[in-house]
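# coords please:
(chains A and B)
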Amino acid sequence: MGHLRRPRTGAALLGRRRALSAPAAAGPLVRLLSDRLADAASDLWTDEDTVEIQVPRDKIVDSLRTLRDDADFGFFFLADAAAVDYGVGNWFEVVYHLYSDRHPTWLRVRVKVDRENPVTPTITSLWEGAMFHEREMYDMMGIVFEGNRDLRRIYMSPDYRSFPQRKDFLLPDDAADSAAAGNRPLERPETWDLSKLEDAAAHRDEPGGPV
Amino acid sequence: MTTTRSRPGPEQPSEEPRIPDPIALDAMATAAPRQEFFGFDIVPPPDRPPQTEREMEVYTLGDGEMLVNMGPQHPSTHGVMRLVLKVRGEVVIDIDPVLGYLHRGIEKLCEEATYTTVLTYVDPMDYMSAMHNEHAPAIAFEKLYGIKAPPRAEYIRALVVELNRVFSHGLMMGFLALDIGGLTPILYGFINRDEVVEMLAAISGQRMLFNFFRVGGVNFDTNDEFMSRLGRWRANVLDTIEMNEKILTENEIFRARTRGMGTLSGKQAIDLGVSGPNLRASGVPFDVRKAHPYCIYDQLEFDVITQPEGDTYARYMQRVAELKQSIHLIDQIVDKMPHGPVQAQVPGIIRPRPGRAYAAIESPRGLYSVYAISDGGPNPYRFRMRDPSFISLQSMPKLLPGHLIADTMAIMASLDPIMGGVDK
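Residues are numbered from 1 along each chain as shown, chains lettered A, B, ... in the order given. Below is the predicted model of the structure:
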């Protein structure tokens, strides 16, 4: 079993490291964004390999079109589109990740969507491949994409009536929060039948008794 | 969890329900009994009014057209999926993939799990490339936590994911032949696959769902059994592949069944979000290992392979070329592997600072990415996985029309979708 043990020698030398500033490589993209998308992009933030902007809902299609078609941006590939629920009373967010072969970082575009009236424009006119992403977001979060030709449920059956990835949708076995909390038999010792246990304990030391 | 949660209240009926009442649907469904025709289910128009423009387009039948269900348990659908084919005679006109038969809600489960246990939940997603499934979350969580895996751990990671790619691509060759009607290549594919799987079992302790990656490293260092199995496999793997390739690549029937079938242009492929070998087979040199080098791929020598044609045969040739490339990469990794620890020091329960991280890797099926959000608690606030085969399936309605029903298998097998990943 010796070879199965993790060697930990020297592991203490590997301290926690976190890139606190934007890598120099992201500089040209940051300049371009503040240059050409100044009226749309806000909250610019960079990570070790991601540049992030926030775009208002009504400008998202135009901004993404600029990012895709402008030769200096060249974000031709939609890597991911996902929805995030920030909880009841807050908002939804649709997050697009884009890839360009001209920039060494990913670009993350965040769009805030109202939680009470979750409607946002579709981007299937830009990338047809956003269709399954948007259908999944509709299915899981209930975000409606205006102008999408095929906004059906994709995983759940068509007659399903809830949106399972919202934060106020609880899993049935989430014992801490669900209606079943505290009602499980193991948590009510007064219902336990302990007589057999006591019986066994009384006879434990006898030869041939329960072990 | 720092988030406040409330019990779900009773559903408020809205003025215009988007989805019709299920009881009314049941009544409609029983009113129109299904017809049967020589074992085929003839699908009646859906038991409810079409909800969308596209659904109307698919389910409206013209003269001499009919709908045929392929699946959900057709052996060629690589899992449980239903394709609704609209056919005229034997020619496919339109197609509507129906997904969700394997949906397990892994994203939701992962949001309830701690960062360490998330890595066990993602394994059964794309069960042909479980190592890749663990790789992306591991990178994302390391970014969130601000830690780096030790160099030896990075090399072991690269080694196991390339081994996983070898068996995934090797099996794809077999499955493609199987769907066309050749039984032998799948058996040869499984010879190779079993050797790799036993090797990975020697290092991780599991045969299919490895649970090998950890936040900040890997679970075990290499051991003698793994290394000796690797050496024995490496000595004859090229012969096994060549044996398999000889049956297929120059085979007249195989070429007739695959050349010019399901051609996807590079522009179309980008538009549809197709990635990985399928995209490169259409001539687009996009490989995450080169585009955004993660792990140790910036220290390895390899080129992005592409094929110009974009048809089923090109996608097959792309897999073969990448298989050989992976073996070349494995040689380099084993050569350069440094000594040292394989696990950085991390606490049992990780609580990263609030933040967001995106990690993308190149899985055998394409761009597999994870977007994780931390709120400072012990489990991810949001855990999003982008599965490449799910997105690649969108190209089916573009690839199939005009081909025969029998060719749908070949075209679909060339995309290499795995339903465990598609349905999450």
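
# which intervals of the chain have sub-threshold pLDDT?
Using chain A. Flagging of chain A using pLDDT under 70 yields the residue ranges A:1-25, A:171-211.

# could you do chain B instead?
Using pLDDT under 70, chain B drops low at B:1-49, B:74-77.

# from it, which residue is nearest to chain A?
Per C-beta to the nearest C-beta, B:Gly273 is where chain B lies closest to chain A, at 2.6 Å. Heads up, the C-betas are built off the backbone N, CA and C, glycines and all.

# is it correct that that residue is in contact with A:Glu134?
No: using C-beta atoms under 8 Å, B:Gly273 makes no contact with A:Glu134, being 11.6 Å away.

# more neighbours: which of these two?
Between B:Gly273 and A:Glu134, counting by other C-beta atoms under 10 Å in any protein chain shown, B:Gly273 is the more crowded of the two (28 against 23).

# how close does that one sit to B:Lys398?
As judged by C-beta to C-beta, to the nearest Å, B:Gly273 and B:Lys398 stand 12 Å apart.

# elements contacting the longest helix anywhere in chain A?
Using DSSP state H, we find that the single longest helix of chain A is helix A:130-141. On a contact count with 3 or more C-beta pairs under 8 Å, 6 or more residues apart in numbering or on different chains; DSSP states H and E, helix A:130-141 meets strand A:77-85, strand A:144-146, helix B:388-392.

# and among those, the most buried is which?
Ranked by mean neighbour count, those are led by helix B:388-392 with a mean of 28 (mean count of other C-beta atoms under 10 Å in any protein chain shown).

# where does chain A get nearest to chain B, which residue?
For chain A, C-beta to the nearest C-beta, closest residue to chain B: A:Gly129, 2.6 Å.

# so how many other residues sit close to that residue?
Count around A:Gly129 with other C-beta under 10 Å applied: 24.

# could you find the closest non-adjacent residue to it?
Leaving out its chain neighbours, the residue that sits closest to A:Gly129 by C-beta to C-beta, 6 or more residues apart in numbering or on different chains is B:Gly273, at 2.6 Å.

# doesn't that neighbour belong to a strand?
No: counting by DSSP: H, G, I helix; E, B strand; the rest coil, B:Gly273 is not part of a strand but coil.

# show me what the lengthiest helix in chain B packs onto, helices and strands only.
Counting residues, the longest helix found in chain B (DSSP H) is helix B:151-180. When contacts are defined as 3+ C-beta pairs under 8 Å, 6+ apart, helix B:151-180 packs onto helix B:130-145, helix B:184-204, strand B:217-218, helix B:224-248, helix B:252-258, helix B:312-336, helix B:405-415.

# is the second one positioned near chain A?
Read that as helix B:184-204. No: using C-beta under 8 Å from any C-beta of the partner chain, helix B:184-204 never reaches chain A; the gap is at least 10.4 Å.

# report the inter-axis angle for that helix versus helix B:151-180.
Here helix B:184-204 runs at an angle of 160 degrees relative to helix B:151-180 (axes from the mean of the first three to the mean of the last three C-alpha atoms, to 10 degrees).

# residues making contact with whatever helix or strand comes next after helix B:184-204?
Using DSSP states H and E, the helix or strand that follows helix B:184-204 in sequence is strand B:213-214. Residues outside strand B:213-214 that contact it (C-beta atoms under 8 Å, 6 or more residues apart in numbering or on different chains) are B:Thr116, B:Leu119, B:Met131, B:Glu134, B:His135, B:Pro137, B:Ala138, B:Arg157, B:Asn219, B:Gln343, B:Val346.

# for the second one, grab the count of nearby residues.
B:Leu119: 24 surrounding residues under other C-beta under 10 Å.

# and the helix or strand where it lies, anywhere near chain A?
Assigning secondary structure by DSSP H and E places B:Leu119 in helix B:115-121. No: using C-beta under 8 Å from any C-beta, helix B:115-121 stays clear of chain A, with a minimum separation of 13.0 Å.

# what is that helix packed up against?
Using 3+ C-beta pairs under 8 Å, 6+ apart, helix B:115-121 sits against helix B:106-112, helix B:130-145, strand B:213-214.

# tell me the residues of the stretch 201-350 of chain B that contact chain A?
So far as C-beta under 8 Å from any C-beta goes, the stretch 201-350 of chain B lies against chain A at B:219-221, B:223-224, B:270-275, B:286, B:291-292, B:340-345.

# please check those residues and keep the buried ones.
For those, a burial check counting by 16 or more other C-beta atoms under 10 Å in any protein chain shown picks out B:219-221, B:270-275, B:286, B:291-292, B:340-345.

# for chain A, which segments are assigned as helices?
A:27-36, A:60-69, A:130-141, A:195-202.

# now the angle from the second one to helix A:27-36?
Right, the one you point to is helix A:60-69. Orientation of helix A:60-69 against helix A:27-36 (the same axes, to 10 degrees) gives an angle of 130 degrees.

# residues making contact with helix A:60-69?
A:36-37, A:40-41, A:55, A:73, A:75-76, A:96, A:98, A:107, A:109, A:111, A:120-121, A:123, A:125-127.

# residue contacts, the closest residue to B:Tyr101 other than its chain neighbours?
Closest residue in space to B:Tyr101, ignoring its immediate chain neighbours: B:Val80 at 3.9 Å, by C-beta to C-beta, 6+ apart. Neighbouring residues of B:Val80 by C-beta under 8 Å, 6+ apart: B:Gly71, B:Pro72, B:Gln73, B:Tyr101, B:Leu102, B:Met419, B:Asp423.

# A:Leu98 now?
Going by C-beta under 8 Å, 6+ apart, A:Leu98 touches A:Leu64, A:Leu67, A:Arg68, A:Phe75, A:Phe77, A:Leu78, A:Ala79, A:Trp106, A:Leu107, A:Arg108, A:Val109.

# for the closest residue to the last one other than its chain neighbours, give its distance to B:Val91.
Nearest residue to A:Val109 in three dimensions, chain neighbours excluded: A:Tyr96, at 4.4 Å (C-beta to C-beta, 6+ apart). For A:Tyr96, the distance to B:Val91 under the criterion C-beta to C-beta works out to 37 Å.
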